[in-house]
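Colleague: structural data only, the sequence is not supplied:
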DNA sequence: TTTGACAGTTCCATTTTAGAACTATAAGGT
DNA sequence: ACCTTATAGTTCTAAAATGGAACTGTCAAA
């Protein structure tokens, strides 16, 4: 499976990973949520090479996750801000942070706390069912094919590969 | 920033990304949640090279996300199953899938639906505040340093890099 | 005795990334 | 006029990661 193909897989997870599933992209998005907007800002906060930063920003703009907006003429300068599609990545970011807070902190505790303006308290993000509001756990969820599924999606991919292997062997 | 350093950054997101923030690792974890347990299963479902698969599985075991359990003697065979630490990644997976369901589906609709056994309905995952139960949005969250924060974390990293740049120039 | 399943390991070519230097435009100081 | 700084890139080469295929070893079944 090549990376281009990922975005065409009949799997929302594979498609999403094709867009944001690499280390620098995720860190760039972290910075976006921390209000970084400019090239130099990303570069110095992350220590990413300028080459890769330029390339990743272009990709995020192409994908409609960031918008490139001019903030001055001569010399032309732009800043990168999250679109709604980008802002919608927030639950992913929070889920990642929360797992790190649970499993990767050292003895000193969490590096960052999150306060909910509405209720004023420091909180953890909790994932719940949109229908009944109960917290979700993997065991309570049953996965079944939706309208966009290929017929027998995993099997067909598997069989395709096996067929290829057979034809090579012949 | 090298990848080893990531896991030592005072940022739960960076640390988590250091562990699961690459494309193959995320796809391997998807398979784990879909009940794949064996080497050949991962390999044929994903089309990953055997070399990388072996390497990634080892890393996930080292990190305590998978456990390698013997399921037969002679020849020795093992299967890989999620630990609790691994199962705790579920909200990240669901958040990724949900973003894809919202922004990456084609005209045919979602490839997979999720049914909540407790209430019997197909659902979307929603992220809420642990304290007040309200759905979260990025704008309503204020981030502030916790006990594990470095003093002025971003600034210090930035200054370190600037100092380096200066000393190179001199 | 051969074939096939399984779980890897090894090897080489190709692709990506790291690291540093270079380009370009303009403002501001001296 | 000349030098420095800020900003946003681009270009170059060496090092690292990945892809692709073949190979190893153990055992069961045909």
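Modeller: All right, it came through fine. The shown structure was predicted, so the numbers you read here are calculated from the model rather than taken from an experiment.

Colleague: if I look at the most centrally placed residue in chain A, how far off is residue A:85?
Modeller: In chain A, the centroid-proximal residue (CA atoms, centre = their mean) is residue A:20; its distance is 4.2 Å. Applying CB to CB, to the nearest Å, the value for residue A:20 to residue A:85 is 11 Å. Where you see a C-beta, it was placed from the backbone N, CA and C, and this is true even at glycine.

Colleague: what residues are shared contacts of these two?
Modeller: Residues touching both residue A:20 and residue A:85 (CB atoms under 8 Å, 6 or more residues apart in numbering or on different chains) are residue A:65.

Colleague: what residue, apart from its backbone neighbours, is nearest the residue nearest to the centre of chain A spatially?
Modeller: Closest residue to residue A:20 apart from its sequence neighbours, by CB to CB, 6 or more residues apart in numbering or on different chains: residue A:26 at 6.2 Å.

Colleague: what helix or strand does that neighbour sit in?
Modeller: According to DSSP states H and E, residue A:26 maps onto helix A:23-33.

Colleague: whatever helix or strand comes next after that helix and DNA strand C in contact?
Modeller: Counting by DSSP H and E, the next helix or strand C-terminal to helix A:23-33 is helix A:39-46. No. On the criterion CB under 7 Å from any atom of the strand, helix A:39-46 is out of touch with DNA strand C, staying 9.7 Å away.

Colleague: hmm, the helix or strand following helix A:39-46 in reach of DNA strand D?
Modeller: Toward the C-terminus, helix A:39-46 is succeeded by helix A:50-62 as the next helix or strand (DSSP H and E). Yes. Contact between helix A:50-62 and DNA strand D, assessed by CB under 7 Å from any atom of the strand, occurs at A:50-51, A:54, A:57.

Colleague: buried residues in helix A:50-62?
Modeller: By 16 or more other CB atoms under 10 Å in any protein chain shown, the buried positions in helix A:50-62 come out as A:53, A:56-57, A:59-60.

Colleague: tell me the residues of chain A that contact DNA strand D?
Modeller: Counting by CB under 7 Å from any atom of the strand, the residues of chain A near DNA strand D are A:2-3, A:38-41, A:49-51, A:54, A:57, A:75, A:77-79, A:168.

Colleague: near chain B, from these?
Modeller: Among the residues of chain A next to DNA strand D, the residues lying close to chain B (CB under 8 Å from any CB of the partner chain) are residue A:3.

Colleague: what's the closest of the residues of chain A next to DNA strand D to residue B:117?
Modeller: Proximity to residue B:117 was ranked across the residues of chain A next to DNA strand D by CB to CB; first place goes to residue A:3, at 34.9 Å.

Colleague: pretty sure the closest one contacts residue B:23?
Modeller: Yes. At 7.3 Å, residue A:3 counts as touching residue B:23 under the criterion of CB atoms under 8 Å.

Colleague: list the buried residues of stretch A:61-73.
Modeller: Of all the residues in stretch A:61-73, those buried under the rule 16+ other CB under 10 Å are A:63, A:65-67.

Colleague: wait, stretch A:94-110
Modeller: Buried residues in stretch A:94-110, counted by 16+ other CB under 10 Å: A:94-101, A:103-105, A:110.

Colleague: one step back: comparing residue A:3 and residue B:23, which residue is more hemmed in?
Modeller: For residue A:3 versus residue B:23, neighbours defined as other CB atoms under 10 Å in any protein chain shown are more numerous around residue B:23 (18 against 11).

Colleague: who touches that one in this structure?
Modeller: Counted by CB under 8 Å, 6+ apart, residue B:23 has contacts A:3, A:6, A:17-18, A:21-22.
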